[in-house]
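[1] turn this into a structure:
(one chain, ligands or ions: 1)
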Amino acid sequence: MLIIIRPSGEIALKSPRSRRNFEYTLANNIRSVIKEGKIWRSQGVLFLEVNDDNKNLEELSKVFGIASFSPVMSIKSYNNNLEDIVNKAKEVFAEIVKGKIFAVRAKRIGSHNFTSLDVQRKVGEALYPFSRGVDLENPEVEVFIEIRNDIAYFYHKIIKGPKGLPVGVAGKTVVLFSGGIDSPVATWMMMKRGSIPIILNFNLGGSVHRKFVLEELSVLRKWSGGHKLKLFIVNGTDMLIKLSQIEKRNRVVMLKRVMYKVAERLCDKANAKSITTGESLSQVSSQTMANLYVTEYGIKYPIFRPLIGFDKEEIVELASKIGTYEYSIKLPEYCAISTKARTSVELDEVLKDEEKLNIDYEKVLENSEVIEI
Ligand SMILES: Nc1ncnc2c1ncn2[C@@H]1O[C@H](COP(=O)(O)OP(=O)(O)OP(=O)(O)O)[C@@H](O)[C@H]1O
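    Model (predicted):
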């Protein structure tokens, strides 16, 4: 089966050099997802030749950087011969337009002695007797002919891709990954913009927590363009014990700050240039603007919060589409450290607490469990 793959529109707007790089990364990602067949680039699209297997189509619909794709039939149309194209169109499409109101859409790249309109007209005439009529505005089925120099491609399905940019073109980000509903969605959104996530989880719930995090990551792995996901699991309960030394009201923000600090170390080590979280403004008391200010104070990497302006329902809808929601909702809430977080903790107090705790973040990271998924 031959498949024509159209990269996201955004990729076509890049400079020729960036465009080449993006298409090259996209081709590599597709190769590592599909694992068989042949892939090549040609004038702004990619072609993939694989065994007839619908599984491949499902996998392609999760590769970021793809706007859409279509399984195609093709012919080499020698000598600009429109007749050959019309005959092939009849062979390929007669069954598809049978008893239906249809439209023919044609496109052309290269020089030919006919126009796209000629193709539409001639193929339309040839298919008309099989159909129930033509309606260019509201057809029941559309059939497409794309002529690229001396090859004509025929298809009738345009399957949507997830758009975005190929994973790998935007560098690495350390994601603070709780396993709740939000951080898996934030991870997905960063992958959608071409970033490779490095996952950092503070385990606050033993083997149950670990199990759900791994399950969610195996769902996200299907969206990673074939890239392996590296997971660092820190023993969060050790941290909770340490935090009992400070005032209850500062503990939640302090715990987040510890997470950011360890993420900062991981960025240094993994050459990642940002930290990503699943925070959304004012969703809970630790996510007020005032508390986010204190949490990230002095952190040297940019903190990306792709969900900052999302409602919970919007996040849930995305999590369901991605496939992580069913695992996230089974995860118990780990909020044992403080029942009441203040909506505005004092920066001075938190910085003093930090000094008192004197946590060796480097060591915390060194003692983490590392898993590749
Ligand atoms: N145990 C954890 N390990 C790693 N990161 C965490 C952990 N808990 C929270 N975070 C980070 O802090 C963010 C906010 O977490 P919080 O618990 O305040 O809100 P939440 O809405 O429940 O988030 P989520 O749905 O992602 O758990 C999370 O999205 C995540 O990025």
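[2] grab the nearest non-local neighbour of the residue in the stretch 251-373 of the chain that the ligand sits nearest to.
    Among the residues of the stretch 251-373 of the chain, residue 278 lies closest to the ligand, at 2.5 Å counting by Cβ to the nearest ligand atom. Using the backbone N, CA and C atoms, a C-beta is placed for each residue, glycine as well. Counting by Cβ to Cβ, 6 or more residues apart in numbering, residue 278 lies nearest to residue 182, which is 3.1 Å off, once chain neighbours are set aside.
[3] can you pull the contacts of the one you found?
    For residue 182, the contacting residues are 278, 279, 280, 283, 307, 315, by Cβ atoms under 8 Å, 6 or more residues apart in numbering.
[4] any chance you could list what contacts the lengthiest strand in the chain?
    In the chain, with assignment by DSSP state E, the single longest strand is strand 66-76. With contacts defined as Cβ under 8 Å, 6+ apart, strand 66-76 is touched by 1-9, 26, 30, 48, 57, 60, 84-85, 88, 92, 144, 146, 150-155, 157-163.
[5] mind putting the contacts of residue 182 into a markdown table with neighbour count and secondary structure?
    Listed next are the contacts of residue 182 as a markdown table, based on neighbours: other Cβ atoms under 10 Å; DSSP: H, G, I helix; E, B strand; the rest coil:
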| residue | neighbour count | secondary structure |
| --- | --- | --- |
| 278 | 25 | coil |
| 279 | 25 | coil |
| 280 | 21 | coil |
| 283 | 17 | coil |
| 307 | 25 | coil |
| 315 | 22 | helix |
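[6] quick check: the farthest pair among those?
    279 and 315 (11.0 Å; Cβ to Cβ).
[7] what touches both of the two?
    What both residue 279 and residue 315 touch, as defined by Cβ under 8 Å, 6+ apart, is the set 182, 307.
[8] contacting residues for residue 133?
    Contacts of residue 133 (Cβ under 8 Å, 6+ apart): 101, 102.
[9] quick one: secondary structure of the residue of the stretch 51-200 of the chain found nearest the ligand?
    Residue nearest to the ligand within the stretch 51-200 of the chain: residue 180 (2.2 Å; Cβ to the nearest ligand atom). Secondary structure, DSSP: H, G, I helix; E, B strand; the rest coil: residue 180 is coil.
[10] pLDDT for the contacts of residue 182 - can I get that in TSV?
    Shown next, in TSV, are the contacts of residue 182 (pLDDT from 0 to 100):
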residue	pLDDT
278	95
279	93
280	91
283	84
307	97
315	97
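[11] just give the number of residues close to residue 45.
    Residues contacting residue 45 under the criterion other Cβ atoms under 10 Å number 19.
[12] how far away is it from residue 36?
    20 Å (Cβ to Cβ, to the nearest Å).
[13] can you list the residues of the stretch 151-300 of the chain near the ligand?
    Selection of the stretch 151-300 of the chain residues close to the ligand by Cβ under 6 Å from any ligand atom yields 176-178, 180-183, 200-202, 204, 236, 259, 277-279, 283-284, 286-287.
[14] try it again with 5 Å
    Residues of the stretch 151-300 of the chain lying near the ligand by Cβ under 5 Å from any ligand atom: 176, 178, 180, 181, 182, 183, 201, 202, 277, 278, 279, 286.
[15] wait, residue 233 sits on residue 371?
    Yes. In this structure, residue 233 is within contact of residue 371 by Cβ atoms under 8 Å, at 7.1 Å.
[16] which one's more surrounded, the two?
    Using other Cβ under 10 Å, the more surrounded residue of residue 233 and residue 371 is residue 233, with 19 against 16.
[17] tell me the pLDDT at residue 332?
    Per-residue pLDDT puts residue 332 at 80.
[18] likewise the one 10 residues further on?
    Per-residue confidence (pLDDT) for residue 342: 80.
[19] got it, and the one 5 residues further on?
    In the predicted model, residue 347 carries a pLDDT score of 92.
[20] surely it and residue 295 touch.
    No. Residue 347 is beyond contact range of residue 295, at 10.0 Å (criterion: Cβ under 8 Å).
[21] name the helix or strand for the spatially closest residue to residue 324 that is not a sequence neighbour, please.
    Closest residue in space to residue 324, ignoring its immediate chain neighbours: residue 184 at 3.9 Å, by Cβ to Cβ, 6+ apart. Taking DSSP states H and E as the definition, residue 184 sits inside helix 182-192.
[22] return the helix or strand in the protein with minimum mean pLDDT.
    helix 54-60 (a mean of 80; mean pLDDT, DSSP states H and E).
[23] how about that helix: buried residues?
    Under the neighbour-count criterion of 16 or more other Cβ atoms under 10 Å, helix 54-60 has 56, 57, 59, 60 buried.
[24] would you format these as CSV with distance to residue 343 included?
    Output for these, formatted as CSV (distance: Cβ to Cβ, whole Å):
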residue, distance to residue 343
56, 50
57, 48
59, 45
60, 45
